[in-house]
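A.B. asks: turn this into a model:
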Amino acid sequence: MAMNIEIPVWKDPQGATVACVEKIKVMNENLEELHQMAQDAFEDAILMGCDEHQVRDFLMRLMQSLHNPYQS
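C.D. replies: Coordinates of the predicted model:
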């Protein structure tokens with residue numbers, strides 16, 4: 001299943017476009033894998049009787065809780 005969200009043009013912290021083809025390829029592949037894993041978990045939760053809205057809320061909070069280990 002293809003992602004149903006448009007992948008943006010990736011920018012660095014200063015706003016310049018990330019131009020390295022390999023970096024863009026890795027980023028997009030990682031996000032496609034993440035999308036598929038999240039979709040699978042979402043579908044499993046619904047099949048097991050969980051509330052769709054609660055699962056969506058949790059997945060959004062999960063993404064918002066990510067920590068940047070490279071922040072200075």
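A.B. asks: got any ranges where the protein has weak pLDDT?
C.D. replies: Regions of the chain meeting the criterion pLDDT under 70 cover residues 1-2, 72.
A.B. asks: what about the helices in it?
C.D. replies: Assigned by DSSP state H, the helices in the chain fall at 21-47, 52-64.
A.B. asks: got a list of contacts for the shortest one?
C.D. replies: Meaning helix 52-64. Contacts made with helix 52-64 from outside it, assessed by Cβ atoms under 8 Å, 6 or more residues apart in numbering, are listed as 38, 41-42, 45-46. All C-beta atoms are positioned from the backbone trio N, CA, C, and that covers glycine.
A.B. asks: nearest to P69, of those residues?
C.D. replies: Comparing those against P69 with Cβ to Cβ picks out A38 as the nearest, at 21.4 Å.
A.B. asks: now the closest one: closest residue in space that isn't a chain neighbour?
C.D. replies: In space, and not counting its chain neighbours, A38 is closest to L59: 5.9 Å by Cβ to Cβ, 6 or more residues apart in numbering.
A.B. asks: quick one on the thing from earlier: and the helices of the chain as CSV, adding mean neighbour count?
C.D. replies: Putting the helices of the chain into CSV (neighbours: other Cβ atoms under 10 Å) gives the following:
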stretch, mean neighbour count
helix 21-47, 12
helix 52-64, 11
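A.B. asks: could these go into TSV alongside distance to Q14?
C.D. replies: Output for these, formatted as TSV (distance: least, Cβ to Cβ, whole Å):
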stretch	distance to Q14
helix 21-47	15
helix 52-64	24
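A.B. asks: of the ones you listed, which is nearest M3?
C.D. replies: helix 21-47 (4.9 Å).
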